[in-house]
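A.B. asks: need a structure here:
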Amino acid sequence: KAEARKIKNINIIEDLMPFDEYQSFFNSIDAFVFNGYRQMAMRAVYESLRSGVKVYLNDKNVVLAGLKKEGFLIYNMDDFENNLSTNNLHLSEEQISYNSNTFEEFRQKYNLKEFHTSILGIGNA
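C.D. replies: I've put the predicted structure just below:
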């Protein structure tokens, strides 16, 4: 966190915010970085994908493999370091459209419980 605070244009969200502000936030950012290992921040990942935001997750996060398996363009922390140094922290219009279409297809394919089960690779949908 201390290192992230040194980088210009990085916002660290630690407190809850009103839902409308939360949704607006995802329409104003280029990248969402979650370096945690546990299955957390799923709503933020969903909002990011829906909003055309580039998503970076830790390789140890089970959600990363699940989303990649479903065809989403998702990136890991090595990608984040490389993209940060080249100022490539956003998706192209084509990539935004691809993830948006993939999200809609996936959302229609599963109900919420099945969606979580598929992404996390647990149980049977």
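A.B. asks: all contacts plus neighbour counts: C-alpha atoms, from now on.
C.D. replies: Fine.
A.B. asks: now what about the helix or strand hosting Gln95, what contacts it?
C.D. replies: Assessed by DSSP states H and E, Gln95 sits inside helix 93-109. Helix 93-109 is contacted from outside by Leu49, Arg50, Ser51, Gly52, Val53, Glu70, Gly71, Phe72, Leu73, Phe115, using C-alpha atoms under 8 Å, 6 or more residues apart in numbering.
A.B. asks: and the helix or strand harbouring the first one, what other elements does it pack with?
C.D. replies: What that stands for is Leu49. Using DSSP H and E, Leu49 sits in helix 42-51. If you count contacts as 3 or more C-alpha pairs under 8 Å, 6 or more residues apart in numbering; DSSP states H and E, helix 42-51 packs onto helix 19-26, strand 31-34, strand 54-57, helix 93-109.
A.B. asks: and the third one, C-alpha only, in PDB?
C.D. replies: Included here for strand 54-57 are C-alpha records, laid out as PDB according to Å, rounded to 0.1, in the frame of the first residue of the first chain:
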ATOM      1  CA  LYS A  54      -8.800  -3.400 -17.100                       C
ATOM      2  CA  VAL A  55      -8.700  -6.000 -14.300                       C
ATOM      3  CA  TYR A  56      -5.500  -7.100 -12.600                       C
ATOM      4  CA  LEU A  57      -5.600 -10.000 -10.100                       C
END
